[in-house]
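*Asks:* After the sequence you'll find the predicted model.
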Protein chains: 2
Amino acid sequence: MTSGSTLGPVIGPGVGTVETRQVRLFDASHPLTLASGATLAEVDVAYETYGTLNDSGDNAVFICHALTGDAHAAGLHEGAHKPGWWDNIIGPGRPIDTDHLFVVCANLLGGCQGTTGPASINPATDVSYGIDFPLLQVKDFVTVHRALLAHLGVRQLLAAFGGSLGGMQVLEWALSYPEDMTHAVIIAASSRLTAQNIAFSAVAREAIKRDPGFKAGRYLDEGTNPDYGLSIARMMAHITYLSEEGLAEKFGRRFQDSENPRHGFGADFAVESYLHHQGEAFLGRFDALSYLYLTRVMDYFDPFNGVDENAPGDTFAAVEAAGTKFCVLSFDTDWRFDTGHSRRITHVLERGRLPVTFREIPSVWGHDSFLLPIPAYHDTIRAFLERAREERL
Amino acid sequence: MTSGSTLGPVIGPGVGTVETRQVRLFDASHPLTLASGATLAEVDVAYETYGTLNDSGDNAVFICHALTGDAHAAGLHEGAHKPGWWDNIIGPGRPIDTDHLFVVCANLLGGCQGTTGPASINPATDVSYGIDFPLLQVKDFVTVHRALLAHLGVRQLLAAFGGSLGGMQVLEWALSYPEDMTHAVIIAASSRLTAQNIAFSAVAREAIKRDPGFKAGRYLDEGTNPDYGLSIARMMAHITYLSEEGLAEKFGRRFQDSENPRHGFGADFAVESYLHHQGEAFLGRFDALSYLYLTRVMDYFDPFNGVDENAPGDTFAAVEAAGTKFCVLSFDTDWRFDTGHSRRITHVLERGRLPVTFREIPSVWGHDSFLLPIPAYHDTIRAFLERAREERL
């Protein structure tokens, strides 16, 4: 195996059986006002928690999920065989240790796994919002996360965690409300997408929008589905989630189901079969409009816009006063958000006199690494959280 | 500008007005037998020539085009404003100097610009081949190129040139028929696609195949067109043709037609507008089935399969005896076929005792560099060709 390709063992039995709960955090009497000024009269949020909140309400960590994640970060749903998407790191004795911590994960606003999004019913029309759903910003995710924590009685987070789009939420949150958390862990994320990053998402969105089943964003009313476009978008995204080395190690030029090529347009190469599978598996669990809305949020995200990167002056004075500590992690073969993105975050924060632990972790698995039990990665998270807990004692 | 982003001037007025000619090289009495064993009863080839063939028939160079190229490499078609795709390098006084050389370029077998391909009429059925067109191999392109040279009276090529898929043709040709050319110039090419390379083409093909207008490959008979899928394929390909740095330099996060974001799902960022344009412009000039057939040829190409890369022994004895000299060029920001691909070609040929000039050229423009007037690149081609001509004198 290539260096950085070895995955570590997953510790212990995990958090066991869990369920997703749902709460209405905003309603007609208390609507959600978005950063754009638009409002949403009803916002339901799907979330899960693991571990126990202590009496002082300060042993919580919040997990911000990435583009296609959901509230089910750890444990098993009743009858299911596949655990939550970040189960390998959350549980008793695991790096995010539920023997000590109260872990919260919520489906994003605009998502499609129990939190209000484009597929939800618009109370003003009694049909789904569809393309009338308002455009979102990362700030809006943070607003909803904060409302959830208030509902749960969390006074201050020990840490917020997030990979990719999740890390963008953590960055926005820590800069806007630094008193909400003592530690901010930003993994494989970006403070500003490059033209290439935007280009990939743009083509994915075009695949969805041009699908005849998209019906100008009214497919939910029309009873169609832009499945073809959504599966193409997902296949393309998967190419960017794995590194070239990772794809080479996992598939190389191997043929599927055969030693020899069958010569045709079917999924002859193993990598083709993998992509087809990823495209199909996505259809059952994700809404095309959520894909459009959430990727667009990432394109526009630019929290350091207007900040002099080399001399931010007092831009982050409030964050400095709150004492929030940052941990910024990248993976050396990640090319969706390469280490340059993490270095920029680190650079700007440090120039702004904020304490940042930065580490680039060797891993062959590209952007997907943030989801995997890579020993050096898990050790870093574990050590950072243990230090955080000690500082608070 | 970033280092390696400066383009050079294009020398002189070029080759002037040119036209594409067409010749039937194979017919019922002399059908084309493909490497797979299948046959094609009629093969027409579209080609252009520039300069004059000398009496000994040995001042010719052949230009092998890439995936979406055509026979129109240089000069202007009557009334047109846009010159051929490689005009900047071909002409009197240009690196491929038509004052001395006879230049030939032909549309590929399986293409859609005048050479027989899937959209051509199958003489056995009187309707277009469509998906019944036989699968091709790079060997088949070479067979047709050779037939064209025989038709034109070319005895031996001074050089064959090709970028990307064109370079793959040159490699195959030089290994199979080294006596056909004294020099082989292989640019930004590959001797074996990686899993990531295949993955991009696989998703592009799925976009075409899943387009409802594809009609299982019978769209030409059905009067439909998989335009949506073809434009998505093209947009995705364009991301891989430019480097991340090139996209950043060309577009960055600039907005189209505005200083400020318009916040919506339209082409708000300049890079989106560019991709949309590339997707649309492609539809008028390329056939979806040709895209399928020609990309699939690349996936299966593996001329060193079975060769011990480090000890090829006498594998290339015939090439060594013929004395063919190789020039292998790559561009440092090309990630469609990165320098590793060119290094592998160089390594295997050199281990096989063949003379190879290898150079990695700095250029910010990624894979597209092979089409651009990059001074270090053009200087290399010019010097290599001048040496080639001197050797022959």
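*Replies:* Thanks, I have it.
*Asks:* which ones are touching the residue nearest the centre of chain A?
*Replies:* Geometric centre of chain A, nearest residue: A:A66, 1.4 Å, by CA atoms, centre = their mean. Contacts here follow CB atoms under 8 Å, 6 or more residues apart in numbering or on different chains; on that basis A:A66 touches A:162-166, A:370. Quick note: C-beta positions are derived from backbone N, CA and C, even for glycine.
*Asks:* now it: how far from A:S369?
*Replies:* 12 Å (CB to CB, to the nearest Å).
*Asks:* With A:V43 instead?
*Replies:* With CB to CB as the criterion, A:V43 and A:S369 are 32 Å apart.
*Asks:* neighbour-wise, which of the two wins?
*Replies:* A:S369 (28 against 23; other CB atoms under 10 Å in any protein chain shown).
*Asks:* Show me where chain A dips below the pLDDT cut-off.
*Replies:* A:1-3 (pLDDT under 70).
*Asks:* those helices in it, which residues are they?
*Replies:* Remark: helices assigned in chain A by DSSP state H are A:138-152, A:165-176, A:195-209, A:219-222, A:227-241, A:244-250, A:270-283, A:288-300, A:317-322, A:339-351, A:375-392.
*Asks:* ok, for A:Y274, nearest residue in space, not its chain neighbours?
*Replies:* In space, and not counting its chain neighbours, A:Y274 is closest to A:F251: 6.4 Å by CB to CB, 6 or more residues apart in numbering or on different chains.
*Asks:* that older thread, using TSV, please lay out the helices of chain A together with mean neighbour count.
*Replies:* What follows is those, written out as TSV (neighbours: other CB atoms under 10 Å in any protein chain shown):
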stretch	mean neighbour count
helix A:138-152	20
helix A:165-176	26
helix A:195-209	25
helix A:219-222	17
helix A:227-241	25
helix A:244-250	20
helix A:270-283	19
helix A:288-300	24
helix A:317-322	15
helix A:339-351	20
helix A:375-392	16
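*Asks:* Quick one: closest of the ones you listed to B:D70.
*Replies:* Closest to B:D70 of those, according to CB to CB: helix A:195-209, at 24.5 Å.
*Asks:* For the closest one, name the packing helices and strands.
*Replies:* Packing partners of helix A:195-209 (3 or more CB pairs under 8 Å, 6 or more residues apart in numbering or on different chains; DSSP states H and E): helix A:227-241, helix A:288-300, helix B:227-241, helix B:244-250, helix B:270-283.
*Asks:* Any idea how far that helix is from the middle of the chain?
*Replies:* On the basis of CA atoms, centre = their mean, to the nearest Å, helix A:195-209 sits 18 Å off its chain's mean C-alpha point.
*Asks:* pull the CA atoms of it into CSV?
*Replies:* Output of helix A:195-209 as CSV, limited to C-alpha atoms (Å, rounded to 0.1, in the frame of the first residue of the first chain):
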residue,chain,number,x,y,z
ALA,A,195,-12.6,29.0,-9.9
GLN,A,196,-11.9,25.3,-10.3
ASN,A,197,-14.0,24.4,-7.2
ILE,A,198,-16.9,26.6,-8.5
ALA,A,199,-16.5,25.0,-11.9
PHE,A,200,-17.1,21.5,-10.7
SER,A,201,-20.2,22.5,-8.8
ALA,A,202,-21.4,24.6,-11.7
VAL,A,203,-21.3,21.6,-14.1
ALA,A,204,-23.0,19.4,-11.5
ARG,A,205,-25.8,22.0,-11.2
GLU,A,206,-26.1,22.2,-14.9
ALA,A,207,-26.5,18.4,-15.1
ILE,A,208,-29.4,18.8,-12.7
LYS,A,209,-31.0,21.9,-14.2
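*Asks:* Quick one: end-to-end length of stretch A:357-377, please.
*Replies:* Start to finish, the residues bounding stretch A:357-377 are 13 Å apart (CA to CA, to the nearest Å).
*Asks:* actually stretch A:54-72, sorry about that
*Replies:* 22 Å.
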